[in-house]
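J.: Return a 3D structure for these sequence lines:
(2 chains)
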Amino acid sequence: MMNDFFLCVSDVCLGAKATLLWQGLIETLGMVAVSTVLGIAIGLPIGMALFACSPKGIRPNRTLFESVSFFINSARSIPYIILTVLLIPLTRACIGTSIGTMAAIFPLTLAAILLIARASEEAFLNLPRTFTEIGTSMRAKPLRIFLVILLPEALPGLIIQLTTIVINLIGFSAMAGTVGGGGLGDLAIRYGYQRYDTPLVIAIVIVLIILVQVVQSIGNGVARRIRK
Amino acid sequence: MSSLSVITTHVCKSVPDGNGSRAILSNVSLTVRASSITALIGRSGAGKSTLLRCLNGLDTIDSGDIQIISNDDSDIVGAKRIIADRILAGNQTVAQNSTIMAWQGVELFNPVLENAKKIIADHSDAKLKRIAMIFQAYTLLSRKTVLQNVCLPITLRGVALTDVHMQKAARLLADVGLSDKMHSYPSELSGGQRQRVAIARALMLDPGLLLCDELTSALDPKTTIEILALLKRVNKDHGVTLILVTHDMDVVKEVADTVCVMDDGRIVEQGSVIDVLIKPKNTITRQLIEATAGGALPPFIADRIQQTQAHGKDARSDVVLKLIFTNESSTKPIIAAVATTFGVCFSIIAGSLDNLSDQQSNTLFGHLWVSCPTGGKLEDAIRYMTDHGVGVEQLGFISWE
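T.: Numbers count the residues shown, from 1 in each chain, chains lettered A, B, ... in the order given. Sure thing, here's the model as predicted:
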């Protein structure tokens, strides 16, 4: 029984399916990497703004805070696969097509932005209020308070949160197949499930487990390193 | 650099609370002399921290007037800047409704937002930021070294650190006795050392006014004494005006020369530490004094004191007196004199001796609770003690079984 299993696994690794697996991994990594980078670039400033205009922030603005907060909450309460489908018209408008890896990156990036915005706001909220006040009492500009005090102090927490988000995005990327985006999840469904290729599914699961473990260890390692 | 003095007049502030609003500061009028050490004392929620935060612009006031005064011309500009910042940081409408300032030698200016902005643009030179604040906890940034933390006021202005800044920071760290910890991280320091770094950092911009919010509350007694000694030295060497918020009368005794007692958003008592400690007028002040070691009548005795004298054959009802000794009376053998001259013999119930020292003098003072039978020459004895500078208060009667 065990012998059979290992034979199948090696068959997957050495056989023609290895190419498929490899390609799926590259697609998954690509989608997750691009959406993470864009998510940080856009989501982090949104998180900063959200924290700044929160009732206890540097520049309280109730209307702005409530409306952005409401938008993020509503978007996050839509199941990802439905979000992907709902976004098809917007994806087509922005990317030019609604099919393929590029088209799958669009909703994934939106999810990343929302997750990172909320997570960074929380990371800032978790800091002692004194940190903001030290800056205010030294009469520093809000942006400088963020850059010099809040961002560096929140960084270890942010890295931990980001790790969880990347792992979430790996999970989300499995649904990229809906719009023909490829990736490991898509492979598992089309070849593994629909063609009854259990060894392939097992191989994909193993690859995903290793991937998630690696991401988690990197995240934990970096956070530990920068925490003084 | 000259130090700043503070005058607040009728400062009021309230926060929304349920369907109404709750006053945090009501009619607070306070005067703090330049280069003095003033303690704001009161129980939790008395409004003392809020007052401190208003002085610094971390909180806005609803009405009233806060003046931060300097005789130095360049400081007046700086002070305007501080006020202007306060207006920008706070709620616009609140700021517009209040007349926040009247500067010595400067026209009263109506703090409308545009005006404030213009003043900031005109005087953006940062040498004018003269108020520094030290917090109780989380004062240092965990991912920056001690030296980087001390340089924070410079970094926060977006100015590149130069050797001059580094040397100044190093000198301030040497001043607070932490030269060897320059490159350590805050997690490697003790609580007292962290507060020393915070003090060094506060001095980085040569403040004229240093606000300390409960900065010794999280420290052990020995470290507290060390930090207070350091603050005293800072006050003397740099001439900086200090305002300390505390709930500990020992801190007041140790370091302050003026004390201001707050309760429920009001100032209930204000004066020199010696006057307030020796003759507290307000119940809150008394409670705060008695909360410190040795200042109170033991509760089991206090509970038995009655306002009227018990009559009966078996009960021996004594009068209970509180005697207050100050400098001149604390060194004379007054109790013995009373016993020999008038034949009045006191039983000592409780007592405390303390001393206060400031730049000018040392004051020895003490409280003594005594009881003695009524009648005889008690009246004469009390008159004798009053004549010799002993404060006498009659607390009531107590029956000894």
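J.: Residue A:64: neighbouring residues, count only.
T.: 15 (other C-beta atoms under 10 Å in any protein chain shown). Placement of C-beta: from N, CA and C, glycine included.
J.: Let me fix that, I meant to ask about residue A:72.
T.: 20.
J.: ok, and for the host helix or strand of it, which residues are buried?
T.: Using DSSP states H and E, residue A:72 maps to helix A:62-77. By 16 or more other C-beta atoms under 10 Å in any protein chain shown, the buried positions in helix A:62-77 come out as A:65, A:68-69, A:72.
J.: Kindly export the helix or strand just after it (C-alpha atoms) in PDB.
T.: As assigned by DSSP H and E, the chain's next helix or strand after helix A:62-77 is helix A:80-86. C-alpha atoms of helix A:80-86 as PDB (Å, rounded to 0.1, in the frame of the first residue of the first chain):
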ATOM      1  CA  TYR A  80     -13.800  35.200  -2.800                       C
ATOM      2  CA  ILE A  81     -15.100  33.000  -5.700                       C
ATOM      3  CA  ILE A  82     -18.100  35.300  -6.000                       C
ATOM      4  CA  LEU A  83     -16.000  38.400  -5.900                       C
ATOM      5  CA  THR A  84     -14.000  37.000  -8.800                       C
ATOM      6  CA  VAL A  85     -17.100  36.500 -10.800                       C
ATOM      7  CA  LEU A  86     -18.600  39.800  -9.800                       C
END
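J.: And helix A:80-86, what's buried?
T.: A:80, A:83-84.
J.: do the same with stretch B:174-193
T.: Counting neighbours by 16+ other C-beta under 10 Å, stretch B:174-193 gives B:175-176, B:178, B:181-182, B:184-186, B:189, B:192-193 as buried.
J.: In helices, which of those fall?
T.: B:175, B:192-193 (DSSP state H).
J.: near chain B, which residues of chain A show up?
T.: Contacts of chain A with chain B, taken as C-beta under 8 Å from any C-beta of the partner chain, map to A:128, A:130-131, A:133-141, A:144-145, A:148-149, A:152-153, A:155-156, A:226-228.
J.: Mind checking which of those are in helices?
T.: A:130-131, A:133-137, A:144, A:152-153, A:155-156, A:226.
J.: Export the residues you listed as CSV, with columns for neighbour count.
T.: Formatted as CSV, these follow (neighbours: other C-beta atoms under 10 Å in any protein chain shown):
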residue, neighbour count
A:130, 16
A:131, 21
A:133, 19
A:134, 27
A:135, 22
A:136, 19
A:137, 22
A:144, 15
A:152, 15
A:153, 21
A:155, 17
A:156, 19
A:226, 12
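J.: Out of these, which two sit at the greatest distance?
T.: Using C-beta to C-beta, the two most remote members of these are A:137 and A:226, lying 26.2 Å apart.
J.: domain assignment for chain B?
T.: The record's domain split for chain B, according to automatic domain parsing, is B:5-70+B:130-291, B:299-400.
J.: mind listing the strands in the stretch 251-400 of chain B by residue range?
T.: Counting by DSSP state E, counting those that start in this stretch, the stretch 251-400 of chain B has strands at residues B:258-263, B:266-272, B:316-325, B:347-357, B:362-373, B:391-400.
J.: closest to residue B:202 out of these?
T.: strand B:258-263 (20.3 Å).
J.: Between the buried residues of helix A:80-86, which sits nearest chain B?
T.: Chain B has its nearest neighbour among those in residue A:80, at 34.4 Å by C-beta to the nearest C-beta.
J.: Can you give me the pLDDT of the nearest residue to that closest one once chain neighbours are set aside?
T.: Nearest in space to residue A:80, with sequence neighbours left out and distances taken as C-beta to C-beta, 6 or more residues apart in numbering or on different chains, is residue A:172 at 4.9 Å. Residue A:172 carries a pLDDT value of 90.
J.: wait, is residue A:172 part of a helix?
T.: Yes: assigned with DSSP: H, G, I helix; E, B strand; the rest coil, residue A:172 falls within a helix.
J.: do you know how far it is from residue A:159?
T.: 20 Å (C-beta to C-beta, to the nearest Å).
J.: Could you pick out the residues of chain B near chain A for me?
T.: So chain B meets chain A at B:56-58, B:82, B:85, B:89, B:126, B:129, B:131-133, B:135, B:137-139, B:141-144, B:152-153, B:155-158, B:185-187, B:205 (C-beta under 8 Å from any C-beta).
J.: Just the buried subset of those residues, written out for ChimeraX, thanks.
T.: Typed into ChimeraX, the line below selects the buried ones among the residues of chain B next to chain A, using 16+ other C-beta under 10 Å:
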select /B:56,57,58,82,85,89,126,129,131,132,133,135,137,138,139,141,143,144,152,153,155,156,157,185,186,205
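J.: What count of nearby residues applies to residue A:209?
T.: That count, for residue A:209 with other C-beta under 10 Å as the rule, works out to 10.
J.: Check the offset of the one helix or strand it maps to from the chain's centre.
T.: Assessed by DSSP H and E, residue A:209 sits inside helix A:198-226. How far helix A:198-226 lies from its chain's middle: 14 Å, per C-alpha atoms, centre = their mean, to the nearest Å.
J.: list the helices and strands that helix packs on?
T.: Packing partners of helix A:198-226 (3 or more C-beta pairs under 8 Å, 6 or more residues apart in numbering or on different chains; DSSP states H and E): helix A:2-14, helix A:17-52, helix A:151-173, helix A:184-187.
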